[in-house]
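Chemist: Provide a 3D model corresponding to the input given below.
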Amino acid sequence: MAECSSSNSSNADKFADRMKRLKELHLKRNEARQLNHQEVVEEDKRNKLPSNWEARRRKAEWILNDEEQKKQAEQNGEDYDRVKLLNVGADEAERLEKKRRKANPDTGFADYEQATIRQYNRLVKNMKPDLDNYGKQKEKLGDAFYGGRNTILHGLHKDSKEGIDAMVSDLEKQISKREKYSRRRMHNDDADIDYINERNMKFNEKLERFYGQHTTEIKQNLERGTAV
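Modeler: Model prediction:
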């Protein structure tokens, strides 16, 4: 009888253990179903987002981080542009410079033809056509609107005040830009002549700008002949 009781107790323990393991398996299966359902829902949300969503999200995060660092630098009384450049490696700076050149292929004056093309593209880009006035002029002038070889254009078109003002404004901008690049520095007759040519003068000006405050006394001693 004792052996039979012991055997029944052992079977009951095994059954309880199996039921416990089965319950754990059911719980894990349900958990896996829930996780799988959540993943399907998230994947469906991602598929409905724009194709460039991830890039836009990263850009937005970068802008927010950049603004936060800028505020922090201002609070510390630091120049943010200088602080930011200190954290940029040489390879990264080279990559950014190549990207900037690619985005702006204008490398300066090459020849008059290229300069004319750039100016034409700039003017066309800044134009804001008045389609209503365009339609009215086309209807009024008929075939003469396109100016064929037998058409006398003089007197047909009348420039608007807005167009004239825009042209004058653009010309003033060109003159201002040209003066900025062709401006000559005024010669100071009272300044000391410590150079032999213009190139040497510019070099001396750079030295004075960076080291002048440290070498003023030495220079004065040399001029007086009291230098040791």
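
Chemist: looking at the chain, which helix or strand is least sure?
Modeler: Lowest mean confidence among the helices and strands of the chain (mean pLDDT, DSSP states H and E): helix 90-103, at a mean of 73.

Chemist: and this structure, what are its domains?
Modeler: 18-50, 109-146, 195-227 (the TED database).

Chemist: and the top helix by length along the chain, average pLDDT?
Modeler: When the chain is parsed with DSSP state H, its longest helix is helix 2-48. In this model, helix 2-48 carries a mean pLDDT of 76.

Chemist: which strands and helices sit next to it?
Modeler: Helices and strands touching helix 2-48, as assessed by 3 or more CB pairs under 8 Å, 6 or more residues apart in numbering; DSSP states H and E, are absent. For glycine as for every other residue, the C-beta is placed from the backbone atoms N, C-alpha and C.

Chemist: can you name the element that comes right after that helix?
Modeler: Moving toward the C-terminus from helix 2-48, the next helix or strand (DSSP states H and E) is helix 53-75.

Chemist: now do the residue positioned nearest the centre of the chain against Tyr146, distance only.
Modeler: When the chain is reduced to its mean C-alpha position, the nearest residue by CA atoms, centre = their mean turns out to be Arg100, at 8.4 Å. Applying CB to CB, to the nearest Å, the value for Arg100 to Tyr146 is 42 Å.

Chemist: kindly report the same for Val41.
Modeler: 60 Å.

Chemist: and Gly155, helix, strand or coil?
Modeler: With DSSP: H, G, I helix; E, B strand; the rest coil as the basis, Gly155 sits in coil.

Chemist: number of nearby residues for it?
Modeler: 6 (other CB atoms under 10 Å).

Chemist: quick one: contacts for it?
Modeler: Listed by CB atoms under 8 Å, 6 or more residues apart in numbering, Gly155 has no contact partners.

Chemist: for it, give its distance to Ala144.
Modeler: Gly155 is 11 Å from Ala144, by CB to CB.

Chemist: same question, Phe15
Modeler: 104 Å.

Chemist: these two: which has the busier surroundings?
Modeler: Ala144 (14 against 10).

Chemist: so that one is in contact with Lys138, correct?
Modeler: No. The criterion here is CB atoms under 8 Å, and Ala144 misses it with Lys138 at 10.0 Å.

Chemist: quick one: secondary structure of Asp192?
Modeler: coil.

Chemist: and it, what's its pLDDT?
Modeler: Value for Asp192, per-residue pLDDT: 74.

Chemist: and Leu156, by the same measure?
Modeler: 72.

Chemist: that one: what's it in contact with?
Modeler: Leu141, Ala144.

Chemist: that one and Ile164, how far apart?
Modeler: Taken as CB to CB, the span from Leu156 to Ile164 is 17 Å.

Chemist: cool, and Lys173?
Modeler: In terms of CB to CB, Lys173 sits 15 Å off from Ile164.

Chemist: pull stretch 64-74 out as CSV, backbone CA atoms only.
Modeler: Coordinates of the C-alpha atoms in stretch 64-74 are reproduced here as CSV (Å, rounded to 0.1, in the frame of the first residue of the first chain):
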residue,chain,number,x,y,z
LEU,A,64,16.7,70.3,-32.7
ASN,A,65,20.1,69.1,-31.4
ASP,A,66,21.9,71.8,-33.3
GLU,A,67,19.6,74.5,-31.8
GLU,A,68,20.1,73.1,-28.3
GLN,A,69,23.9,73.2,-28.7
LYS,A,70,23.7,76.7,-30.1
LYS,A,71,21.7,77.9,-27.0
GLN,A,72,24.1,76.2,-24.7
ALA,A,73,27.1,77.9,-26.4
GLU,A,74,25.3,81.3,-26.2
